[in-house]
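>>> Fold the stuff below for me.
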Amino acid sequence: MNPPDINLPDVHAEVTAVFARYEHALVNNLIDELDALFWPSPHTVRYGAGENLHGIDAIRAFRAARPAVGLARQLHDTVITTHGRDMATAMTLFRRAGSTKLGRQSQTWVRMPDGWQVVAAHVSVIDPPAELPT
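Okay, here's the model as predicted:
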């Protein structure tokens, strides 16, 4: 049984909207928007498919150097869970056109004075398990 503060409808709607905003910024390489959605702190962490980024400066440098092509993807099995009014997790699977790999993304969102921001993120790519469609 879930405690009553899990997935409060108004908070869940807020995080769902900011997650969609993030996805739009990601696939369109809107670097300033992506930057605004990450907590500007040396404590922010982003582990990517090929990089381990500690701190907002490292994340910003990665975003600035990343190629702006081939970013489109299809999300599926997205699960957003809010915990109280100020913390949430967002987990999703994704596929890129022409790839047989399965991407996995997780984010921890916290309500900050400037709105919802990612404080920790992880992206990895694997061969799809046999039970998932290719």
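>>> residue closest to the middle of this protein?
The chain has residue 107 as the residue nearest its centroid, 4.5 Å off, counting by CA atoms, centre = their mean.
>>> Pull out the buried positions in the helix or strand containing that residue.
Element membership for residue 107 (DSSP states H and E) is strand 102-112. For strand 102-112, the neighbour count (16 or more other CB atoms under 10 Å) marks 102-103, 105, 107-109, 111 as buried. To be clear about C-beta, it is placed using only N, CA and C from the backbone, and glycine gets the same treatment.
>>> would you turn these into a markdown table with pLDDT and distance to residue 54?
Shown next, in a markdown table, are the buried residues of strand 102-112 (pLDDT from 0 to 100; distance: CB to CB, whole Å):
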| residue | pLDDT | distance to residue 54 |
| --- | --- | --- |
| 102 | 96 | 26 |
| 103 | 96 | 22 |
| 105 | 98 | 18 |
| 107 | 98 | 16 |
| 108 | 98 | 15 |
| 109 | 98 | 19 |
| 111 | 98 | 23 |
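>>> Which elements pack onto the helix of greatest length in the chain?
Looking across the chain with DSSP state H, the single longest helix is helix 9-27. Contact analysis of helix 9-27 by 3 or more CB pairs under 8 Å, 6 or more residues apart in numbering; DSSP states H and E lists helix 31-37, strand 74-83, strand 87-95, strand 102-112, strand 115-126 as its packing neighbours.
>>> Direction-wise, compare it with strand 74-83 and give the angle.
140 degrees (axes from the mean of the first three to the mean of the last three CA atoms, to 10 degrees).
>>> from the chain's centre, how far out does helix 9-27 sit?
10 Å (CA atoms, centre = their mean, to the nearest Å).
>>> buried residues in it?
11, 14-15, 18-19, 21-23, 25-26.
>>> nearest to residue 84, of those?
residue 11 (7.7 Å; CB to CB).
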